[in-house]
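1. my questions concern the predicted model and sequence given below.
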Amino acid sequence: AARLWAFAIEGPGIAEKEPWPSPHGGKLVAGMGGYQRFDSLAVQADGRICVATLVNGGITVISPDGRHTEHHAMPDPMTTNICFGGPDMKTAFITLSWTGRLVAVDWPSPGLKLNQAG
């Protein structure tokens, strides 16, 4: 099953862990039913998390509290990554691994720059 976990950040490279019964110290934000897997993710400016979703092929957008989700279908079951760019940060660059493509898609909300992108 696809699960999105959150960790509180104490400092560079240091994550605060949740106590038992968390299996590895993370707080479960969202879990999706059925057979699907989560891969890489990016964050929108409004805080929603966009996760590349394998098998059902697309981007799953999850609210920070995990209560609201939406799915943006892609023409490939193995959607593996997303990042944002363009002058207004409203272009989503998405990798489609089954077909070996990188696509640029107009996105409804601006995304945040990758941390290492400066």
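-> Nice, I can see it. Residues are numbered from 1 along each chain as shown.

2. ok, residue 81 to residue 59 distance?
-> 10 Å (Cβ to Cβ, to the nearest Å). Quick note: C-beta positions are derived from backbone N, CA and C, even for glycine.

3. compare these two (neighbour count), which wins?
-> residue 59 (22 against 17; other Cβ atoms under 10 Å).

4. measure stretch 34-49 end to end?
-> End-to-end distance of stretch 34-49 (Cα to Cα, to the nearest Å): 20 Å.

5. and if you look at stretch 82-95?
-> 7 Å.

6. ditto for stretch 18-37
-> 23 Å.

7. next one: stretch 61-71
-> 6 Å.

8. tell me the buried residues in that stretch?
-> 61-62 (16 or more other Cβ atoms under 10 Å).

9. tell me how many other residues crowd residue 94.
-> 24.

10. swap in the one 5 residues further on?
-> Other residues within reach of residue 99, judged by other Cβ under 10 Å, total 12.

11. skipping adjacent residues, who's closest to it in space?
-> Counting by Cβ to Cβ, 6 or more residues apart in numbering, residue 99 lies nearest to residue 76, which is 5.1 Å off, once chain neighbours are set aside.
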